[in-house]
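Peer 1: after the sequence you'll find the predicted model.
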Amino acid sequence: MSRLVVVSNRVPVPEKGGAAASAGGLAVALLAALQERGGIWMGWSGKSSGDNEPGPLSLEEQGKITFALTDLTEKDVDEYYFGFANRVLWPICHYRLDLAEYGRKEMAGYFRVNRFFAHRLAPLLKPDDTIWIHDYHLIPLAAELRQMGVKNRIGFFHHIPWPPADVLAAMPVHEEIMRGLAAYDLVGFQTDHDLENFAGCLRREEMGDALGDGRFNSGDKIFKGGVYGIGIETEAFAKFARKAVSHAMVHKAKESIIGRDLIIGVDRLDYSKGLTQRIDAFERFVLNNPAHQRNVTYLQVTPKSRSEVPEYEQMQRTVAEQAGRVNGALGTVDWVPIRYINRSLSRPILAGLYRLAKVGLVTPLRDGMNLVAKEYVAAQNPDDPGVLVLSRFAGAARELKGALLVNPYDIVGTANAIARALNMPLEERQERWQRMMDYLLEHDVSRWCDDFLNDLAA
Ligand code: GDG
């Protein structure tokens, strides 16, 4: 088995002796693959070196893995990360043409930083290393490595949605981005929809087409594209949630909702997650179902993210004000309808809260996969499972057939689904949950990792 080299924007370097449970499933799976084969995980340190050229890579060895981190200059961070990745690629891939801001400086910065990454990575490579690059920050990296003469197998996994041709075409550098993908041996997407959109983009731009057998051409390049829906560590997470209910904080939460049903939402603060529509739907549910008034609590856990980007800062204010307004309008002296937590909770507490909740409310407007939906299902008690209310626009909706699927733009439809979930008989809840859990056990994150790496090696 060849050595594995993983590259992602940020690198989850485990704290020495730290509990693996604190890391998310993706990190756990990739660390396990790296530990088995030996290898390198390279990425940005998250730090900036001001105006100065960043110093040498910082290397840290843990077992068979070398973590290789580089600083970036402030200008790099502004242009590559906040500028192009988060203010162009992220909105475009989430179908938000209206939010994309195309600055020439930022576009140039994105390609420049990818070249910089390639120059830092190339000297670490051995000829038979397998290279696996992750996410939209690093699309041009393979093309840069190829220009430097790197001949290794290189795969790319796109964690977020791939947009339809007309949306992608609004981005001035879309052809370069498409050409960047054609430099890989294998490009992985979360769902069949994303892969179809990608093929549609190649055709529409007359850049190439699907050749059958998962192969595509673009110019003189032939490469593979496939669907690899990311999973979680299903069994471990289920066990983890079972234990987590005895955590002191979870116990406190349980006592505080005695006699009430808990509805839970967990999302990074992001406009793609549909938070304002979700709060509207909850409000509508309460107004339409007086019998449920005072006996439900909706807990929304929303850690801040990307606060440096103006849309996110604005979003933070909007969601907080909206939750406050609904509580003011509907709350009583002994009932607060929405508990809104605008920071991160520890993973054990989160797992315990999922298990307490009768309804998992996962209603993004667009999402590559959505791991919260999967974690919520895995955390349930098989004897009395809760119901997943899931947006049809999350990648997870292509897989979790036991969920109540909703259109998050349809406020009344989502409100009705919440009511249906809360009133669902035990037998139906168990049948739906079992169907999803069987799927998640079979398609966990280790399988995702193996499937991708096997296809890349084939
Ligand atoms: C991208 C794609 C795709 C959330 N709040 C807390 C917390 N979390 C954890 C969740 C989950 C993870 O963060 C979020 O994963 P998602 O998949 O829901 O969303 P993105 O961050 O947007 O991820 C997405 C994913 O990549 C993987 O390919 O599924 O579509 O957008 O694991 O549990 N964790 C802790 N405290 C929190 O408050 N500890």
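Peer 2: That came through, no problem.
Peer 1: list the helices and strands the worst-scoring helix or strand of the chain on mean pLDDT packs on?
Peer 2: Sorting the helices and strands of the chain by mean pLDDT, DSSP states H and E puts helix 25-37 at the bottom, at a mean of 85. Packing contacts for helix 25-37, counted by 3 or more C-beta pairs under 8 Å, 6 or more residues apart in numbering; DSSP states H and E, involve strand 4-10, strand 39-48, strand 65-72, helix 445-457. Every residue, glycine included, has its C-beta placed from N, CA and C.
Peer 1: specify the angle between it and strand 4-10 in degrees.
Peer 2: 150 degrees (axes from the mean of the first three to the mean of the last three C-alpha atoms, to 10 degrees).
Peer 1: sorry, back to before: in JSON lines, list the helices and strands packed on helix 25-37 along with distance to residue 259 and mean neighbour count.
Peer 2: Shown next, in JSON lines, are these (distance: least, C-beta to C-beta, whole Å; neighbours: other C-beta atoms under 10 Å):
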{"stretch": "strand 4-10", "distance to residue 259": "42", "mean neighbour count": "21"}
{"stretch": "strand 39-48", "distance to residue 259": "44", "mean neighbour count": "20"}
{"stretch": "strand 65-72", "distance to residue 259": "49", "mean neighbour count": "20"}
{"stretch": "helix 445-457", "distance to residue 259": "37", "mean neighbour count": "18"}
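Peer 1: could these go into TSV alongside distance to residue 244?
Peer 2: Formatted as TSV, these follow (distance: least, C-beta to C-beta, whole Å):
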stretch	distance to residue 244
strand 4-10	26
strand 39-48	28
strand 65-72	28
helix 445-457	19
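Peer 1: what comes up buried for the least confident helix or strand of the chain?
Peer 2: 25, 26, 27, 28, 29, 30, 31, 33, 34, 37 (16 or more other C-beta atoms under 10 Å).
Peer 1: so which of the residues you listed are also by the ligand?
Peer 2: residue 26 (C-beta under 6 Å from any ligand atom).
Peer 1: which pLDDT does the model give whichever residue of the stretch 51-200 of the chain sits closest to the ligand?
Peer 2: Relative to the ligand, the nearest point of the stretch 51-200 of the chain is residue 159 (3.7 Å; C-beta to the nearest ligand atom). We note a pLDDT of 96 for residue 159 in this prediction.
Peer 1: count of neighbours near it?
Peer 2: 18 (other C-beta atoms under 10 Å).
Peer 1: give the contact list for it.
Peer 2: Residues counted as contacts of residue 159 (C-beta atoms under 8 Å, 6 or more residues apart in numbering) are 134, 135, 136, 190, 230, 368, 369.
Peer 1: identify the bridge partners of the first one.
Peer 2: Going back to what we said before, that points to residue 134. Partner residues in beta bridges with residue 134, using DSSP bridges, are residue 157.
Peer 1: shouldn't it be in contact with residue 6?
Peer 2: Yes: at 7.0 Å, residue 134 counts as touching residue 6 under the criterion of C-beta atoms under 8 Å.
Peer 1: how about the residues of the stretch 51-200 of the chain by the ligand?
Peer 2: 159, 160.
Peer 1: all good on my end, thank you.
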